[in-house]
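In: Coordinates for the following, if possible.
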Amino acid sequence: MIQIFLLATPFGIDNGQYQSLVIIPNYLLVLGAFLLWLAFIALGIIARRYKIVLGERTNWEFMIFAPTGILIFAIIQLLYCGVGGKMMLPKGGMNYLAYGLFFLSGILSLVANLRFYKVIKGK
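Out: So this is what the prediction gives:
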């Protein structure tokens, strides 16, 4: 399956170097973003169970919605860099969209988790 992505190697490097410097790090980035998204979803599920058991308002819906930008970033990165075989996201819009969604999602996840922390700690 890796051979599909190694049809032509730019920059004058051989296939092995291209795979180790471009292809593998791109897939690791997508895997890391997906695992980060799963971690925030798990926190949202914990907040939901906390609400069910103790009956306190935890905003668990916001905690599950907030990391969606991280997943969209991972999908964009996979499409352009994983499947497309590019080294970086293309300039001129798509990179701003991907990184902007990632940043906004990180801020929203931080706010959601701080709210949940205040609920747990006790106002």
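
In: And the pLDDT for residue 85?
Out: Note on residue 85: pLDDT of 67.

In: can you check residue 123 too?
Out: Reading off the model, residue 123 has pLDDT 66.

In: How about residue 113?
Out: 94.

In: Next, count neighbours for it.
Out: 17 (other Cβ atoms under 10 Å). Every residue, glycine included, has its C-beta placed from N, CA and C.

In: Just to check, it is in contact with residue 46?
Out: No. With contact defined as Cβ atoms under 8 Å, residue 113 does not reach residue 46; the gap is 10.6 Å.

In: got the CA positions of stretch 43-50 in CSV?
Out: Written as CSV, here are the backbone C-alpha positions of stretch 43-50 (Å, rounded to 0.1, in the frame of the first residue of the first chain):
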residue,chain,number,x,y,z
LEU,A,43,-13.6,13.4,28.7
GLY,A,44,-17.0,14.3,27.3
ILE,A,45,-18.4,10.9,28.0
ILE,A,46,-16.9,11.1,31.6
ALA,A,47,-18.7,14.4,32.0
ARG,A,48,-21.9,13.0,30.8
ARG,A,49,-21.7,10.1,33.3
TYR,A,50,-20.8,12.6,36.0
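
In: Using the neighbour-count criterion, name the buried positions in it.
Out: Buried residues in stretch 43-50, counted by 16 or more other Cβ atoms under 10 Å: 43-44, 47, 50.

In: Secondary structure and distance to residue 71 added to the residues you listed, as CSV?
Out: Formatted as CSV, those follow (DSSP: H, G, I helix; E, B strand; the rest coil; distance: Cβ to Cβ, whole Å):
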residue, secondary structure, distance to residue 71
43, helix, 15
44, helix, 13
47, helix, 18
50, helix, 23
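
In: tell me which element residue 86 is part of?
Out: Following DSSP states H and E, there is no helix or strand that holds residue 86.

In: could you list every residue that touches it?
Out: Residues counted as contacts of residue 86 (Cβ atoms under 8 Å, 6 or more residues apart in numbering) are residue 80.
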